[in-house]
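Peer 1: after the sequence you'll find the predicted model.
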Amino acid sequence: MDFIFYAVPGLIMAGALTMAARVLRGALRLRSNWNSGLTAEARCLRTYTTTSGGHGDTAVTTTLHHVYEFTTRDGRTVRFEERNGSGTTLEGDIVPVHYTQAHPERPTAHAPARGRTLAGTVGTLVFLSVIVAFCVGFMATYHAVAADVPFAGMP
């Protein structure tokens, strides 16, 4: 029975740490794209939305997607999709994209917003850190209590 009181918080911590790694990796990827200095003009090929939620009491969330295509400096054509782009970008529009020489297949059409990206990343990491700290505290407290109180019927 003790296993549950360690496994569930352990799984929650693993999920929180995985999300933290994904958030950090995404922020670093954006930063490297913006700092690389490589830009190109991309054409918006398609826009569409996806919805999620709406079951029972959950709210509906709509995400705007854009599909872009551009040519790198070395002549390679790259097509990519990006979420949460500008709502004013329509099919056929030309937008600047930022990419790195090492990974031109992972560009961004988001305009540089270093402060906003940093604030969002730090806020998310702090929230996830609180979750991890709570799980560690819960496990430590349970361990301390379980060590002092033996189960009934046990010698």
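Peer 2: It's in. Numbers count the residues shown, from 1 in each chain.
Peer 1: then stretch 57-65 to CSV, C-alphas only?
Peer 2: C-alpha atoms of stretch 57-65 as CSV (Å, rounded to 0.1, in the frame of the first residue of the first chain):
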residue,chain,number,x,y,z
ASP,A,57,-17.7,21.3,-17.9
THR,A,58,-14.3,21.9,-19.7
ALA,A,59,-13.8,25.1,-21.8
VAL,A,60,-13.2,24.9,-25.5
THR,A,61,-9.7,26.0,-26.6
THR,A,62,-9.1,27.1,-30.2
THR,A,63,-5.6,27.0,-31.7
LEU,A,64,-4.6,28.8,-34.9
HIS,A,65,-2.2,27.0,-37.2
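Peer 1: run the chain-centre distance for that stretch.
Peer 2: Taking the mean of its C-alpha atoms, stretch 57-65 sits 16 Å from the chain's own mean (Cα atoms, centre = their mean, to the nearest Å).
Peer 1: now do stretch 108-119
Peer 2: 14 Å.
Peer 1: buried sites along that stretch?
Peer 2: 108-110, 117 (16 or more other Cβ atoms under 10 Å). Yep, even glycine has a C-beta here, placed from its N, CA and C like the rest.
Peer 1: again, but for stretch 118-133
Peer 2: 121, 124-125, 128, 131-132.
Peer 1: and what of stretch 44-53?
Peer 2: Buried residues in stretch 44-53 (16+ other Cβ under 10 Å): 44, 47.
Peer 1: what's the burial count for M19?
Peer 2: If you count neighbours by other Cβ atoms under 10 Å, M19 ends up with 15.
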